[in-house]
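K.L.:
Structural data only, the sequence is not supplied:
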């Protein structure tokens, strides 16, 4: 196997296992992908971050055509939209993390940047976080809503669903996702304190 591909798979598995082990996702509720040359390697449908192995990746062409026996996550069009947006995108992570979902219920002043920058790191690592209106997960309505807004922000929060972020590398995407979730936690805790 290509040594660079092997390293990308190793890093993707580390990220998936780390997120699962720390309760940032559960069951088969997340998906992960990375680009290698002219292919996208994405977690197969129904795969679990906690038990993922390198055989649990499906492979797509850059137009979304499947070139492997494994069936890709049903949310592969979200990933594809981010790869199409920027040739610099090398990886994408999507989870159903708790605080991001909680924050998505709070009315936002800006749907192009919905999470307050209580610390500088969200903007430094990711940038703006756009809010995508709720549509059923895996539905064409969700994919359409995402494509309509994909150029307006750097990362995204799917309402009632969870964050999806790109990165130049898997570690970039991982760190951005972590910062988004931590920023959402801080924002949620401050919001709750104001309500009390």
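P.N.:
Arrived safely. Just so it is clear, the structure is predicted and the values come from calculations on it, not from any experiment. Numbers count the residues shown, from 1 in each chain.

K.L.:
elements contacting the top helix by length along the chain?
P.N.:
Here the longest helix in the chain is taken by residue count, with DSSP state H as the criterion, and it is helix 170-195. Secondary structure elements in contact with helix 170-195, counted by 3 or more Cβ pairs under 8 Å, 6 or more residues apart in numbering; DSSP states H and E, are helix 3-21, strand 91-94, helix 98-104, helix 121-125, strand 155-158, strand 162-167. No exception for glycine: its C-beta is placed from N, CA and C like everyone else's.

K.L.:
rerun that using 10 Å as the cut-off
P.N.:
Based on contacts counted as 3 or more Cβ pairs under 10 Å, 6 or more residues apart in numbering; DSSP states H and E, the elements that helix 170-195 packs against are helix 3-21, strand 31-36, strand 91-94, helix 98-104, helix 121-125, strand 129-132, strand 155-158, strand 162-167.

K.L.:
Quick one: closest of those to residue 111.
P.N.:
When the helices and strands packed on helix 170-195 are ranked by distance to residue 111, counting by Cβ to Cβ, first place goes to strand 129-132 at 4.6 Å.

K.L.:
I'd like the average pLDDT over that closest one.
P.N.:
Confidence over strand 129-132, taken as the mean pLDDT, stands at 98.

K.L.:
starting at the chain centroid, how far to that strand?
P.N.:
Here strand 129-132 is found 12 Å from its chain centre; the criterion is Cα atoms, centre = their mean, to the nearest Å.

K.L.:
Give me the sheet partners of it and which way each runs.
P.N.:
When pairs are called by DSSP bridges, strand 129-132 turns out to pair with strand 155-158 (parallel).

K.L.:
which stretches of the protein have low pLDDT?
P.N.:
Counting by pLDDT under 70, the chain shows low-confidence ranges at 1.

K.L.:
related to what we said a few turns ago, got the buried residues for the longest helix of the chain?
P.N.:
170, 172-188 (16 or more other Cβ atoms under 10 Å).

K.L.:
related to what we said a few turns ago, for residue 113, find the nearest of the helices and strands packed on helix 170-195.
P.N.:
Counting by Cβ to Cβ, residue 113 lies closest to strand 129-132 out of the helices and strands packed on helix 170-195; the figure is 6.1 Å.

K.L.:
Now the element after that closest one, going C-ward?
P.N.:
Counting by DSSP states H and E, the next helix or strand C-terminal to strand 129-132 is helix 140-149.
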